[in-house]
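>>> sequence isn't available, so here's the structure alone:
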């Protein structure tokens, strides 16, 4: 029996995680869930603890983590979010962030031309280096002479392994996105690692775009993309753009993986959405699809496909929350998916 760690978190996190656990339960695959509902903003506010060693020990005893959402507006200036998410990423070396993006129904696309709407790709984002590595600081804070520095960290090891994982994920093509023409040092490293990785995978087509061109092409030719691989910050930006083209972040799942150990953190992209928390209107689809990613990763491919089909059927029938143009509540949408399953 596989064991998973569940961190409901903050805002709409507990609401959508409850829905995901109901779906996993009805599938009957026998997952055992260790729920860490104390890892949340309230505990951090009270005790100053984000994720401690005891919590990490419980996580390490499982096969994967299902996380709802982390974050609250009154804690934006603290290390709370980094203390949870970056602690998990670095403790388990979850270097490959994988965000599949699919247009689930034609009516959800914001693009005017039906012929341009097709989107079915995966954005592979380096998850432990880059601008989000936390290296840097401020000098002469809050003065007219203040200097702020954030270092963009790229290593041969880190870049090479994310590129190889992108090739492993690809069906037909890998597109590298960078800004090597302007960001020279890191760009040179990415380009050299890219050349060598492509030589190791001659069976897969390759393409290269600068980040500005890639953003444009995602809007004008989204159907051309199969796998996009990019640095931490570029991948973060492109994945949200792609999610908007597919109907919004309420449909966006993600996985942060260590392909060597097999361990993964699975999290819907939408965040804690404090403005709608507690109203019962949060879209559960992203978390349900994230749960599907997780069980597919654990080997339950048939059951994962059943979740995808149930979500697609619910969307096609208009059984959706207000953000997708419907009128159903979070629980009503979940009941529709459960009925389909």
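Received it, and whenever you're ready, just let me know what you need. Just so you know, these numbers come straight off a predicted model, no measurement behind them.
>>> adjacent strands (with direction) for the helix or strand harbouring residue 66?
When elements are assigned from DSSP states H and E, residue 66 belongs to strand 64-69. According to DSSP bridges, strand 64-69 forms sheet pairs with strand 3-9 (parallel), strand 264-266 (parallel).
>>> now the helices for the chain?
Using DSSP state H, the helices of the chain run over 13-27, 41-47, 53-60, 80-91, 156-169, 184-200, 211-220, 232-245, 285-297, 301-316, 330-340.
>>> if we can go back for a sec, quick one: contacts of the strand holding residue 66?
For strand 64-69, the surrounding residues in contact (C-beta atoms under 8 Å, 6 or more residues apart in numbering) are 2, 4-17, 20, 33, 59, 88, 263-268, 270-273, 287, 290-291, 294, 297-298. Glycine gets a C-beta too; all of them are placed from N, C-alpha and C.
>>> ok, of these, which come out buried?
Applying 16 or more other C-beta atoms under 10 Å to the contacts of strand 64-69, the neighbour count classes 2, 4-17, 20, 59, 88, 263-268, 270-273, 287, 290-291, 294, 297-298 as buried.
>>> for residue 160, which of the strands paired with strand 64-69 is the nearest?
Comparing the strands paired with strand 64-69 against residue 160 with C-beta to C-beta, the closest turns out to be strand 264-266 (20.5 Å).
>>> roughly how far is the closest one from the heart of the chain?
Using C-alpha atoms, centre = their mean, to the nearest Å, the mean C-alpha position of strand 264-266 is found 9 Å from that of the whole chain.
>>> go on, stretch 201-220?
Relative to its parent chain, stretch 201-220 has a centroid offset of 20 Å by C-alpha atoms, centre = their mean.
>>> distance between the ends of it?
From its first residue to its last, stretch 201-220 covers 28 Å (C-alpha to C-alpha, to the nearest Å).
>>> for the residue nearest the centre of the chain, what are its contacts?
By C-alpha atoms, centre = their mean, the mean C-alpha position of the chain lies nearest to residue 254, the distance being 2.8 Å. Going by C-beta under 8 Å, 6+ apart, residue 254 touches 97, 98, 99, 239, 266, 267, 268, 269, 290, 293.
>>> which one of the residues you listed is nearest residue 46?
The shortest gap between residue 46 and any of the contacts of residue 254 belongs to residue 267, at 23.8 Å (C-beta to C-beta).
>>> quick check, the closest one in contact with residue 256.
Yes - taking contact to mean C-beta atoms under 8 Å, the distance of 7.2 Å between residue 267 and residue 256 places them in contact.
>>> poorly predicted segments of the protein, please.
Counting by pLDDT under 70, the chain shows low-confidence ranges at 1.
>>> could you list the residues in contact with stretch 237-248?
Contacts with stretch 237-248, where a contact means C-beta under 8 Å, 6+ apart, come from 99, 101-105, 108-111, 117, 119, 121, 123, 125, 177, 211, 214-215, 218-219, 222, 228, 230, 249, 251-252, 254, 269, 283, 323-324.
>>> mind checking which of those are buried?
When these are checked for burial by 16+ other C-beta under 10 Å, the buried set is 99, 101-105, 108-109, 111, 117, 119, 121, 123, 125, 177, 211, 214-215, 218, 222, 228, 230, 249, 251-252, 254, 269, 283, 323-324.
>>> so of those residues, which ones are in strands?
Filtering the buried ones among the contacts of stretch 237-248 for membership in strands, criterion DSSP state E, returns 99, 101, 102, 121, 123, 125, 177, 228, 230.
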